[in-house]
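Trainee: just the structure for this:
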Amino acid sequence: MKKLIALFAVSTLASTAAVASVAISGAASVSYDDNGSAASATTYDADLSIVGTNGGTTLTVGMDVDAGASISGVDMASKIGPVTITADMYDEVSIVTSAAQTSTGEQKTETVDSSVSVSIDAPIGDATVGLDNSGDVTISGTWSGVTVSHTSNDAGDITSGSASIAGMDVAITNDNSVTAWSLGTTVSGIAVTLNSGNDVTATFGLAGNTMVVSHFGADASAAATTLVWETAAVAAYTTVAITRDLTSGASLTATYKGSDESLTLKAAVAF
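Mentor: Take a look at the predicted model:
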């Protein structure tokens, strides 16, 4: 009898392993920045993503591994009929702790950003209704090629819409009465984007390389609020980045930044 129980346990484990799957992906890079007239610096970054899937349930774990392994995100999603349950189980600690960092617009007080949300594929014109543990209600869907999402919460409603019109990608977001927009199109093989912050980007191929020219509009300073530190003003500047894929599987990018006349060389690989 014990042998039969053991055999049943082994066969059950084997069938479970056949259904479940684990995928590992990641990226790593090393960058050298001459920082213009300032001292040069070398930085590193390496990340891993582990995704486990069993039927309709997925667990995703993100890790930052360049300075000792640390968790950067844990998310689980599962379906029960027309209901999708998503849980963000990682509470990121993002409060500014150094007095030298109080002019970057970061938050002053730590908040819990882990959450649980439930969405239902409701039969109301292909719309999806979502509810999270903070009480926010979101209704989203696509009608006649236009994707619309509206979230109602105590801090202020958020409405966004996007569509492709005559070869142009248009996106508009109204967050608590503040509107932002972006436009994107391709002209003679050059991908061009423009947004409400006066930022313009052009991407095109150049002799086997990819070149991205970006102009970032000036940002005015913002006074501190109860939750956020003040933000310093930033003058307009332009960057030019040229990327080439190497036969080794990595890519090499050279970026020139006009604001400090710096040149950054970055080698990166993703898998």
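Trainee: distance of the residue minimising distance to the centre of the chain relative to residue 91?
Mentor: For the chain, the residue sitting closest to the mean C-alpha position, by C-alpha atoms, centre = their mean, is residue 73 at 12.0 Å. Going from residue 73 to residue 91 by C-beta to C-beta, to the nearest Å gives 10 Å. To be clear about C-beta, it is placed using only N, CA and C from the backbone, and glycine gets the same treatment.
Trainee: would you mind pulling up the elements that the helix or strand harbouring residue 60 packs against?
Mentor: Here residue 60 is covered by strand 57-64, with elements defined by DSSP states H and E. The elements that strand 57-64 packs onto, with contact taken as 3 or more C-beta pairs under 8 Å, 6 or more residues apart in numbering; DSSP states H and E, are strand 41-54, strand 70-80.
Trainee: okay if I get these as TSV plus mean pLDDT and distance to residue 208?
Mentor: Output for those, formatted as TSV (pLDDT from 0 to 100; distance: least, C-beta to C-beta, whole Å):
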stretch	mean pLDDT	distance to residue 208
strand 41-54	96	26
strand 70-80	94	34
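Trainee: so which of the ones you listed gets nearest residue 203?
Mentor: When the helices and strands packed on strand 57-64 are ranked by distance to residue 203, counting by C-beta to C-beta, first place goes to strand 41-54 at 22.4 Å.
Trainee: low-confidence ranges in this structure?
Mentor: Judged against pLDDT under 70, the low-scoring parts of the chain cover residues 1-19, 94-105, 122-123, 125.
Trainee: picking that back up, can you lay out the helices and strands packed on strand 57-64 as CSV showing distance to residue 23?
Mentor: As requested, these are exported to CSV (distance: least, C-beta to C-beta, whole Å):
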stretch, distance to residue 23
strand 41-54, 5
strand 70-80, 14
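Trainee: so for residue 258, which of those sits nearest?
Mentor: Of all the helices and strands packed on strand 57-64, it is strand 41-54 that lies closest to residue 258, at 18.6 Å by C-beta to C-beta.
Trainee: relative to strand 70-80, how tilted is the closest one?
Mentor: 30 degrees (axes from the mean of the first three to the mean of the last three C-alpha atoms, to 10 degrees).
Trainee: tell me the helices and strands packed up against strand 41-54.
Mentor: With contacts defined as 3+ C-beta pairs under 8 Å, 6+ apart, the packing partners of strand 41-54 are strand 21-33, strand 57-64.
Trainee: follow-up on the earlier one: now the strand holding residue 60, how far from the centre of its chain.
Mentor: Offset of strand 57-64 from its chain centre (C-alpha atoms, centre = their mean, to the nearest Å): 14 Å.
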